[in-house]
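Novice: Sequence first, then the predicted structure, then my questions.
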Amino acid sequence: AQSVTQPDIHITVSEGASLELRCNYSYGATPYLFWYVQSPGQGLQLLLKYFSGDTLVQGIKGFEAEFKRSQSSFNLRKPSVHWSDAAEYFCAVGAKDSSYKLIFGSGTRLLVRP
Amino acid sequence: GAVVSQHPSWVICKSGTSVKIECRSLDFQATTMFWYRQFPKQSLMLMATSNEGSKATYEQGVEKDKFLINHASLTLSTLTVTSAHPEDSSFYICSAEIPANYGYTFGSGTRLTVV
């Protein structure tokens, strides 16, 4: 069965600084990988996804992520964080078994210092 | 495109009553929908997968008699929390698989409070 680990419960960065959120997955085949962002009391917004091809994926809001098979990782990056990026970020892995389920990591809360 | 509308956004109910949450795909047909539960400051836990016209598949530990899921049409899935108790208070989110896109779209969630 697939699983996702986000080792950082929360991260604080200064506005304008770079950001990297870590995500490690466990799955026997090539996974489908996603990053979502959630503001308090809201649903989830897709930032980016990886299925195949180029391992560096560009997303919305200036985010990107790199799939590294050798490290089983799919870390999210942004070169310059804005105060509006403060939110909860979830990494998720999908697998086509009998149903197409998304399994989420525990999330990383991003705090942005002015 | 690929919008899912979830209603209500919040509901307060008395202990012992039942609550129905609706999830509608507005501009596409959703063969498969998913229901998640999220406790405060925690991740999303998959409760069940619903497929149009068939019984839902529940994850281990989820009481199927308590959380009734119906997916009677290609645009509507419902989750009914039966005989709700305070411990059922949570944030419930639905999701739909987007056809031919290998992606998912999420509803805005329902905050259920049982008093």
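Specialist: Arrived safely, thanks for sending.
Novice: Adjacent strands (with direction) for the helix or strand of chain B with the lowest mean pLDDT?
Specialist: Across the helices and strands of chain B, mean pLDDT, DSSP states H and E gives its lowest value to strand B:103-106, namely a mean of 86. In its sheet, strand B:103-106 lies beside strand B:90-98 (antiparallel), with partners assigned from DSSP bridges.
Novice: for chain B, what are the nearby residues on chain A?
Specialist: Applying C-beta under 8 Å from any C-beta of the partner chain, one finds that chain A approaches chain B through A:32, A:34, A:36, A:41-46, A:49, A:51, A:90, A:94, A:98-107, A:109. Placement of C-beta: from N, CA and C, glycine included.
Novice: If we use 7 Å, what do you get?
Specialist: Listed as neighbours of chain B in chain A under the rule C-beta under 7 Å from any C-beta of the partner chain: A:32, A:41-44, A:46, A:49, A:51, A:90, A:99-107.
Novice: what's the pLDDT at residue 97?
Specialist: Picking chain A for this. As predicted, A:Asp97 sits at a pLDDT of 61.
Novice: my bad, the chain I had in mind was chain B
Specialist: The score at B:Glu97 is 85. That number is its pLDDT.
Novice: What of the one 10 residues further on?
Specialist: In the predicted model, B:Gly107 carries a pLDDT score of 93.
Novice: Number of residues surrounding it?
Specialist: Neighbourhood size, B:Gly107 [other C-beta atoms under 10 Å in any protein chain shown]: 27.
Novice: Tell me how far it lies from chain A.
Specialist: 6 Å (C-beta to the nearest C-beta, to the nearest Å).
Novice: who's the nearest residue to B:Pro8 once chain neighbours are set aside bridged to?
Specialist: With sequence-adjacent residues excluded and distances taken as C-beta to C-beta, 6 or more residues apart in numbering or on different chains, B:Pro8 is closest to B:Thr110, at 6.0 Å. According to DSSP bridges, B:Tyr92 are recorded as the beta-bridge partners of B:Thr110.
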